[in-house]
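> Attaching a predicted model along with its sequence, questions to come.
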Amino acid sequence: MTYKEMAALARTHLNPKQYGEFFSAGVVAAVLEGANGKYYTGVNIDLACGLGFCAERSAAAAMITDGETAIRRVACVGQDGKPMPPCGSCREFIRQLSPENENTEFLLCEEPLETIKLSELLPSPWQKI
């Protein structure tokens, strides 16, 4: 699957919805490609108390449930459908899942194609300082 196809798949999962006064979801969607070649999807969950989580971590939970911890590539899109980089929490979360994830690539732009590796986003991991 190309990055464009990954982003298109993520867009199919965008479904912003307010579930209650303190709970909304689906504003951001992500697709992860595991080292096993499978693709995992997820959406964000926002709770007023701050205990929600990002689309990347939602997709990673599905991946971990499937027994995989290494991620090759990530395409994450916001409500406008455009690719977006991972937040700091997702960067750290993905790094800690597997040493291989330093090489995980994130889609930044579809045209022209632009990606960035996790090692560029987190050049000095706290574990190595």
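Happy to help now that I have it. Residues are numbered from 1 along each chain as shown.

> per-residue pLDDT, the residue positioned nearest the centre of the chain?
Nearest to the mean C-alpha position of the chain, counting by C-alpha atoms, centre = their mean, stands E56 at 2.6 Å. Listed pLDDT for E56 reads 98.

> do the one 4 residues further on as well
We have a pLDDT of 98 for A60.

> where's it relative to G20, distance?
25 Å (C-beta to C-beta, to the nearest Å). All C-beta atoms are positioned from the backbone trio N, CA, C, and that covers glycine.

> Compare these two and say which one has the larger neighbour count.
Applying other C-beta atoms under 10 Å to A60 and G20 shows that A60 carries more neighbours, namely 26 against 8.

> how far away is the more buried one from L122?
With C-beta to C-beta as the criterion, A60 and L122 are 16 Å apart.

> hmm, back to that, ok, residues contacting the helix or strand encompassing the residue nearest to the centre of the chain?
Following DSSP states H and E, one finds E56 within helix 55-65. Contact partners of helix 55-65, identified using C-beta atoms under 8 Å, 6 or more residues apart in numbering, comprise 10, 28-32, 34, 38, 40-45, 69, 71, 74, 76, 86, 89-90, 93-94, 97.

> Alright, I will stop here.
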